[in-house]
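Engineer: Show me how the following folds:
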Amino acid sequence: MKHTQAMKMNKTQQDPGDTLVTGKKFHPLFWIGSVLIITGVIIGLSLFLNFHIHGRDNTGSSGGFDGIEIFFLPFFALSYLTCGIFCMVKQLCSRSKCYLVILIIFNILSILLHIPVTYYFTGVRTPRPGASEAVTRKVSTAWIRIIPEVVGMGLSFGAVVVAIQDLSR
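Structural biologist: Coordinates of the predicted model:
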């Protein structure tokens, strides 16, 4: 009898970080993870937008490879997808401290990866004198690539903070 009452109490107690949506509890890491996945998809969509904007730019004498670095971003966006899935799966492994440590490590590595990616692969750097049209035009549309990268880094940082809070409970 006491065991049944204890189980009922555990089901009714909510974790302070959980939110109730349509009768089902979701941890904040679930929401961070879902937005991280959406951010990865948005980075992929920005590739198509950039291809349509810059697909016919003159690359000069580079043989078509001038400014090609902006098309590498979706490969790095896979880290956002991976971290987002890790955050969402946390719902299934809510009591595992080891899982939270792995989540923290993956998100910190994702942030450290995307800092140089944002600088080198978004076209934000000032083009050298005499650069081709492909490079100079990509600077003017760099914000299309920078915003999702910065949002993803902020979400990864948020996931680290929430996971650290969960570890301290």
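
Engineer: Looks like Gly158 contacts Leu29 (just checking).
Structural biologist: No. The criterion here is C-beta atoms under 8 Å, and Gly158 misses it with Leu29 at 9.1 Å. In short, each C-beta sits where N, CA and C put it, glycine included.

Engineer: Look at the two and report which has more neighbours.
Structural biologist: Taking other C-beta atoms under 10 Å, Gly158 and Leu29 do not tie; Leu29 has more neighbours (25 against 18).

Engineer: Gly84 is in contact with the more buried one, correct?
Structural biologist: No. With contact defined as C-beta under 8 Å, Leu29 does not reach Gly84; the gap is 9.8 Å.

Engineer: So which residues of this structure form strands?
Structural biologist: Taking DSSP state E as the criterion, the chain contains strands spanning 19-21, 24-26.

Engineer: which of those strands has the lowest average pLDDT?
Structural biologist: Ranked by mean pLDDT, the strands of the chain bottom out at strand 19-21, with a mean of 53.

Engineer: residues contacting Ile53?
Structural biologist: Counting by C-beta atoms under 8 Å, 6 or more residues apart in numbering, Ile53 makes contact with 137, 141.

Engineer: for Arg145, that is, sorry about that
Structural biologist: If a contact means C-beta under 8 Å, 6+ apart, then Arg145 has 43, 46, 50, 70, 73, 121-123 as its contacts.

Engineer: To what extent is the residue found closest to Ile102 once you drop the neighbours it is linked to in the chain buried, counted in neighbours?
Structural biologist: Spatially, and ignoring its direct neighbours in sequence, Ile102 is nearest to Phe86 (7.4 Å; C-beta to C-beta, 6 or more residues apart in numbering). Residues lying near Phe86 (other C-beta under 10 Å) number 21.
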